[in-house]
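J.: quick check, what structure comes out for this input:
(2 chains)
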2 protein chains.
Amino acid sequence: MPNKTTVFETRLDEIAQQMDVVLARLLPEPVGPQAHVMEAMRYAALGGGKRLRPFLLIETARMLGYESLGVEIAAGALECVHVYSLIHDDLPCMDDDDIRRGKPTVHKAYDEAMAVLAGDALLTMAFEIMARPEIHADANIRLKLLSSLAQASGTHGMIGGQVIDINAPHFSDDKKQDEELITHLQALKTGALINYAVLSGARLAGAGEDELMNLSAFSQNVGLAFQIRDDILDAEGDAVEMGKAAGKDAGLGKATFVSIHGLEGAKEKAFALGEQAKSMLIPYGARADILCAAVDFVLNRKK
Amino acid sequence: MPNKTTVFETRLDEIAQQMDVVLARLLPEPVGPQAHVMEAMRYAALGGGKRLRPFLLIETARMLGYESLGVEIAAGALECVHVYSLIHDDLPCMDDDDIRRGKPTVHKAYDEAMAVLAGDALLTMAFEIMARPEIHADANIRLKLLSSLAQASGTHGMIGGQVIDINAPHFSDDKKQDEELITHLQALKTGALINYAVLSGARLAGAGEDELMNLSAFSQNVGLAFQIRDDILDAEGDAVEMGKAAGKDAGLGKATFVSIHGLEGAKEKAFALGEQAKSMLIPYGARADILCAAVDFVLNRKK
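T.: Now for the predicted structure:
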């Protein structure tokens, strides 16, 4: 019997490949006088990324006994939102990053105007996709998926987190206050979409309110652990392995979980959050094996 | 009895005021650590603009005998998409404009990062609003409004038009080819949202397919007339009256309806399109008076 990690890795890889097929079909064919932006969208969205959010969406639905083409398409739409956020975050006026997923960022490979517009177009497309009947037969579930996607991505979600990140004061003298701020920041910036992935998978599978609350607690712990791991990698990592610039946050003098807790303290905190996340999945028994392995992956990933 | 123009102007003014109230309520209150982007959203969205798209949405519904709070809110969501497009189009990497609606553009009043994020947030918010039950009791109408908004704004709509505009070759030797390209460009860049305004008003009012097709022909003529008027104003206008830079397209050597047809030829073309638009409204008799006056306004506006 293969061990859990291997099963997980195979499955993560399968979903990443599946997402490339789904996204290639969903993205507009680069034809006509506006082909340029469509090429930039494909450049950004295809052939890279861990596809962690699609994975969480699809595997949450599957844990609850639900699989469908609609689940895959919803996962593709969610990934479009994630990719749009990366393109805009990489812009010179934001994080000014030249490398993403091991290749030049969109504004480097194309130009800034195409990067802004390709991001805008991917965000727009995500909502168009989520409204399609093939997502789910129940119109009210589609509407719930749409409005919660907008909330998770907006000023009280991902965009809000990016704004706080840009405007955040650097190290303060009060570590407790720093930690509260970066915990809130990350709950919005990366946590909101991770939470959305899990809850949307559950909603498509017909989960009730109690189940949604339990799974929301699971994904919030995963989201924070994911971010702490990011800070650890940023402190330890090298740019080649990560496929993006390393040591950047420390260089900017930003508060991170590592600057607050130290490297070992941050690792302990991430481990504890992972254990807490897994405890939420106990009711699902062996059906939760893949999601539990995903938690271990988040805690141990090298990039 | 007041003449039609006066009735129209009063109504346009009323809707503009109404939109300020609706948008002020819809936009997030600038509180919390991400208040900065919320202020930028309010700066861009409140207290300016003709609100032509909300006007067309609300007045189309009203012509068909339908008024509701949902119509106003849908008009507000549509205006958020329009405002987002202005913020991003004004960016240094796009049209690089410093003035909009008579005041500094968002990236001038704030900075580029806030301009990108405020635009992203307004677009995101538009979809969140359009999914709300108060828009219309019928979930399928809300989904149709949502997906058609994404289509009108995406790579086959507004974004596509902006991409063509950025990449369009300048004057060619072939005026016919130039005209085809700029007609297509404008049908996407400004036409798609004007068309959306009219069709959404009609859909909220419960219009059937035949009626939608007829009104679509109306709004396509209005949209093109609107753009030709823009080119005329750009050629004739002064920056103070228009509230934005004038003579810009000619200065860039871009093909416009004026460069192709001359000033008088462009005016004649706009007039003919206006007459064609009004002819689509004959079946509605006096109920179409306001929309007919709107056509005259589009043809004669000074900014």
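J.: quick one: the helices in the stretch 151-300 of chain A?
T.: Using DSSP state H, counting those that start in this stretch, the helices of the stretch 151-300 of chain A run over A:158-167, A:175-186, A:192-204, A:209-236, A:239-242, A:248-251, A:257-279, A:289-300.
J.: which elements pack onto the fourth one?
T.: Using 3 or more C-beta pairs under 8 Å, 6 or more residues apart in numbering or on different chains; DSSP states H and E as the contact criterion, the elements in contact with helix A:209-236 are helix A:52-63, helix A:175-186, helix A:192-204, helix A:248-251, helix A:257-279, helix A:289-300. Every C-beta, even on glycine, is put in place using the N, C-alpha and C of the backbone.
J.: between those, which one is closest to chain B.
T.: With C-beta to the nearest C-beta, the closest approach to chain B among the helices and strands packed on helix A:209-236 belongs to helix A:175-186: 7.1 Å.
J.: pretty sure A:Gln220 contacts A:Gln186?
T.: No. No contact is recorded between A:Gln220 and A:Gln186 when judged using C-beta atoms under 8 Å, the distance being 10.4 Å.
J.: more neighbours: which of these two?
T.: Set side by side, A:Gln220 and A:Gln186 show unequal neighbour counts under other C-beta atoms under 10 Å in any protein chain shown, the larger going to A:Gln186 at 23 against 20.
J.: one step back: ranking the helices of the stretch 151-300 of chain A by burial, who's on top?
T.: Neighbour counts averaged per stretch over the helices of the stretch 151-300 of chain A are highest for helix A:192-204, at a mean of 26; criterion: mean count of other C-beta atoms under 10 Å in any protein chain shown.
J.: what angle do that one and helix A:209-236 make?
T.: If you take axes from the mean of the first three to the mean of the last three C-alpha atoms, to 10 degrees, helix A:192-204 sits at 150 degrees to helix A:209-236.
J.: could you dump the helices and strands packed on helix A:209-236 into CSV and include distance to B:Ala113 and mean pLDDT?
T.: Compiled in CSV, the helices and strands packed on helix A:209-236 are given as follows (distance: least, C-beta to C-beta, whole Å; pLDDT from 0 to 100):
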stretch, distance to B:Ala113, mean pLDDT
helix A:52-63, 24, 98
helix A:175-186, 15, 89
helix A:192-204, 19, 98
helix A:248-251, 16, 60
helix A:257-279, 23, 95
helix A:289-300, 29, 95
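J.: can I get those in TSV with distance to chain B?
T.: Formatted as TSV, the entries for the helices and strands packed on helix A:209-236 read as follows, by distance: least, C-beta to the nearest C-beta, whole Å:
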stretch	distance to chain B
helix A:52-63	17
helix A:175-186	7
helix A:192-204	12
helix A:248-251	16
helix A:257-279	17
helix A:289-300	26
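J.: can I get those in CSV including distance to B:Glu179?
T.: Conversion of the helices and strands packed on helix A:209-236 to CSV gives the following (distance: least, C-beta to C-beta, whole Å):
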stretch, distance to B:Glu179
helix A:52-63, 45
helix A:175-186, 51
helix A:192-204, 44
helix A:248-251, 50
helix A:257-279, 59
helix A:289-300, 56
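J.: between those helices, which one is closest to B:Glu268.
T.: Closest approach to B:Glu268 among the helices and strands packed on helix A:209-236 is made by helix A:192-204 (52.6 Å; C-beta to C-beta).
J.: residues touching the closest residue in space to A:Ile232 that isn't next to it in sequence, list them.
T.: Beyond its immediate neighbours in the sequence, the residue positioned closest to A:Ile232 (C-beta to C-beta, 6 or more residues apart in numbering or on different chains) is A:Ala266, lying 5.5 Å away. A:Ala266 makes contact with A:228, A:231-232, A:257-258, A:260, according to C-beta atoms under 8 Å, 6 or more residues apart in numbering or on different chains.
J.: what about 6 Å?
T.: Shown here is A:Ala266, whose contacts under the criterion C-beta atoms under 6 Å, 6 or more residues apart in numbering or on different chains are A:228, A:232, A:257-258.
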